[in-house]
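Engineer: Structure for this input, please:
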Amino acid sequence: MRVTFLGTGSAMPLPDRVQTGLLVESDERSLLVDCGSGVLNRLTNTDVGYEGIGTVLLTHHHLDHVSDLLALLKARWLAGETHLEVVGPTGTKRLLDGLLDVHDYLQDRVELRIREVTAGSFEVAGFEIEATETRHSKDCLAYRFHGDNDAGDDDRSGGDFVFSGDSEAFEGLANFADGAAVLAHDCSFPDEVDVSNHPTPAQLGEALAGYDIGRVYLTHLYPHTEGKHEEMLQSIGDRYDGDVRFARDGLRIDI
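Structural biologist: Below is the predicted model:
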């Protein structure tokens, strides 16, 4: 499985960090997770391109995670692609219906399939996925992507990838990611910012302490984190002794 961080920014993007989006690939399968502003452009720098994105999986419906969704639909229509599937939490159909009411000229341009999911196990675009609810200001799901198991071992967790979506740090989410090869976790602000619905480094380190995760990438970074990376890593490291790094736009990791 390969994961490409398309956008590692937030609702306040930076020149080198657009809003949230991840590309997950395995064999011939491709899946876009979230589609914030700038993600459509970032896709043009990948081999998959927007033409190869037949399915989008949404963590939640905040604007910085969905604002390029109709732009993607339009780009695929203009490129001659005929379908798009959007999968996400309860309310995803209402979101798309509302967007298409506003941009009514895009209605019926492609075959649009919408599926709503809840916490549990399901398959999207050929990927086996588990979902759990996060702690955010809007209903949000974190996702665990199960890696391929060519060896036939029943324990598949070693090759798993987990994406927190937007969430406070808490033990339930850390337990959900336990044993995964890679966790991409929201770490929006440095410790001196008093914030809810997102974690600070100290909160994240405390939640992850004692759990076994191969590597943690910090994402969903607000401008407040600029120039604070080293102290943020130190704060996490004071509580959690695992491998923690900052994600960046364009970073590709093989799992």
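
Engineer: how about the strands in this protein?
Structural biologist: In the chain, the strands defined using DSSP state E lie at 2-7, 21-26, 29-33, 55-57, 83-88, 111-116, 120-124, 127-133, 141-145, 161-163, 182-186, 215-219, 244-246, 252-254.

Engineer: May I see these organised as TSV, with mean neighbour count and distance to Ile236 added?
Structural biologist: To be clear about C-beta, it is placed using only N, CA and C from the backbone, and glycine gets the same treatment. Shown next, in TSV, are those (neighbours: other CB atoms under 10 Å; distance: least, CB to CB, whole Å):
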stretch	mean neighbour count	distance to Ile236
strand 2-7	22	18
strand 21-26	23	21
strand 29-33	23	23
strand 55-57	24	27
strand 83-88	20	29
strand 111-116	13	34
strand 120-124	13	30
strand 127-133	19	21
strand 141-145	24	18
strand 161-163	25	16
strand 182-186	26	10
strand 215-219	22	8
strand 244-246	17	5
strand 252-254	12	19
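
Engineer: Now render the ones you listed as CSV, adding distance to Thr44 and mean pLDDT.
Structural biologist: As requested, the strands of the chain are arranged in CSV below (distance: least, CB to CB, whole Å; pLDDT from 0 to 100):
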stretch, distance to Thr44, mean pLDDT
strand 2-7, 10, 98
strand 21-26, 12, 98
strand 29-33, 13, 98
strand 55-57, 16, 98
strand 83-88, 17, 98
strand 111-116, 22, 98
strand 120-124, 23, 98
strand 127-133, 23, 98
strand 141-145, 24, 98
strand 161-163, 22, 98
strand 182-186, 22, 98
strand 215-219, 21, 98
strand 244-246, 24, 98
strand 252-254, 15, 97
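
Engineer: Any chance of JSON lines for these, columns distance to His65?
Structural biologist: Formatted as JSON lines, the strands of the chain follow (distance: least, CB to CB, whole Å):
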{"stretch": "strand 2-7", "distance to His65": "9"}
{"stretch": "strand 21-26", "distance to His65": "8"}
{"stretch": "strand 29-33", "distance to His65": "9"}
{"stretch": "strand 55-57", "distance to His65": "10"}
{"stretch": "strand 83-88", "distance to His65": "9"}
{"stretch": "strand 111-116", "distance to His65": "16"}
{"stretch": "strand 120-124", "distance to His65": "16"}
{"stretch": "strand 127-133", "distance to His65": "15"}
{"stretch": "strand 141-145", "distance to His65": "11"}
{"stretch": "strand 161-163", "distance to His65": "11"}
{"stretch": "strand 182-186", "distance to His65": "11"}
{"stretch": "strand 215-219", "distance to His65": "12"}
{"stretch": "strand 244-246", "distance to His65": "20"}
{"stretch": "strand 252-254", "distance to His65": "21"}
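
Engineer: With respect to Leu73, which of the ones you listed lies nearest?
Structural biologist: strand 83-88 (5.4 Å; CB to CB).

Engineer: Could you pull up the mean pLDDT of stretch 69-81?
Structural biologist: On average, the pLDDT along stretch 69-81 is 98.

Engineer: got the buried residues for it?
Structural biologist: 69-76, 81 (16 or more other CB atoms under 10 Å).
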